[in-house]
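*Asks:* any chance you can model this:
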Amino acid sequence: MDNSKFDKLPVRVKSQLRRSLRVKTDGIALDSLPTGASRFGGCPDVPAGFVWPRYKDSPLSFIAQVNLDDLPLQDVDIPLPQGGSLLFFYDSQQRTWGFDPKDRGSAVVLYTKQAPNSLTRIQAPEDIPEMGWYKCCAVDFDPAVNLPDAWSIHYQPELSDEERDKLFEYFEWDQSQTSGPIHRIGGHPDCVQNAMELECQLVTDGLYCGDSSGYEDPRRENLQEGAGDWRLLLQVDSDDDAGMMWGDVGRIYFWIRESDLREQHFENAWLILQCG
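*Replies:* Below is the predicted model of the structure:
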């Protein structure tokens, strides 16, 4: 981190710094990876009794698996389980963007405590469309820190124009130092559009957020206090090496409430897609 750029930020902005892991991808043959190895794309290694998840009669796409033993857990700000594996799936046709309560089931996060090297590698269903097949990539996890979006709910009261200008200046410098896709575990999301915590809170409580109606619903007042409980679990960028393109060069974000994360209720995770 460039301390001179960071030091110019308001104290209340700097206080929101969070630890995360940047995920670096590199194309590789699936057969060269041992069973249970972390990766993006390819085919998953699954526990006994696994049933491939489907949405509206179509199989979900396999996005990634994370062997939690591979992670330096002290360098990430979310309470991930000690050991086991996480597997991530999303609608193979990208029909859902996460703003509709009816999108539930179109993205799945599976956690297994089974030893990664005892999992079974399986082939994906044959009826996954071509656009939903992703190339296998080995991954590395690098500690990183980042700040929230300028309109994040974590800034209360909202940033002034002067504070936002300083934050934009920092983001511009930070982006100039970054190359390649920005995949991330934990920390703050690298937003393509708007901040997402409030959207996650409202839509998972039944409010449609594809237009202003959910945000103007009278139930918002009671619900919005819980928006700060939502934490970024995994951010997956569009990535040529993996053959992943989310909308128009966008990103997908797997979110989960911290309470659900601590209790390992990964079935309550929620996905949002954003693109330009």
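
*Asks:* and the next element down the chain from the helix or strand of the chain with the lowest mean pLDDT?
*Replies:* Every helix and strand in the chain was compared by mean pLDDT, DSSP states H and E; the lowest is helix 3-7, with a mean of 82. Scanning forward in sequence from helix 3-7 by DSSP states H and E, the next helix or strand is helix 11-14.

*Asks:* what residues does that following helix touch?
*Replies:* Phe6, Leu147, Tyr155, Leu159, Glu163, Lys166, Leu167 (C-beta atoms under 8 Å, 6 or more residues apart in numbering). (Each C-beta comes from the backbone N, C-alpha and C, glycine too.)

*Asks:* what's the lowest-pLDDT member of those?
*Replies:* Lowest pLDDT among these: Phe6, with 90.

*Asks:* distance of that residue from Glu169?
*Replies:* Going from Phe6 to Glu169 by C-beta to C-beta, to the nearest Å gives 11 Å.

*Asks:* so between those two, which is more surrounded?
*Replies:* Phe6 (16 against 13; other C-beta atoms under 10 Å).

*Asks:* picking that back up, show me which of the contacts of helix 11-14 is closest to Arg18.
*Replies:* Leu147 (7.8 Å; C-beta to C-beta).

*Asks:* contacts only, for the closest one.
*Replies:* Leu9, Val13, Lys14, Gln16, Leu17, Arg18, Leu167, Tyr170, Phe171, His188.

*Asks:* in helices, which of the residues you listed fall?
*Replies:* If you go by DSSP state H, these have Val13, Lys14, Leu167, Tyr170, Phe171 in helices.

*Asks:* what's the farthest-apart pair in those residues?
*Replies:* Maximum pairwise distance in the ones in helices among the contacts of Leu147, criterion C-beta to C-beta, is 13.6 Å, between Lys14 and Phe171.

*Asks:* hmm, Pro59 is touching Ile128, no?
*Replies:* Yes. Pro59 is within contact range of Ile128, at 5.1 Å (criterion: C-beta atoms under 8 Å).

*Asks:* shared neighbours of these two, anything?
*Replies:* Ser92.

*Asks:* among the contacts of Leu147, name the buried ones.
*Replies:* Neighbour counting over those (16 or more other C-beta atoms under 10 Å) leaves Leu9, Val13, Leu17, Arg18, Leu167, Tyr170, Phe171, His188 as the buried ones.

*Asks:* now, which of these sits nearest Asp75?
*Replies:* Nearest to Asp75 among the buried ones among the contacts of Leu147, counting by C-beta to C-beta, is Arg18 at 11.0 Å.
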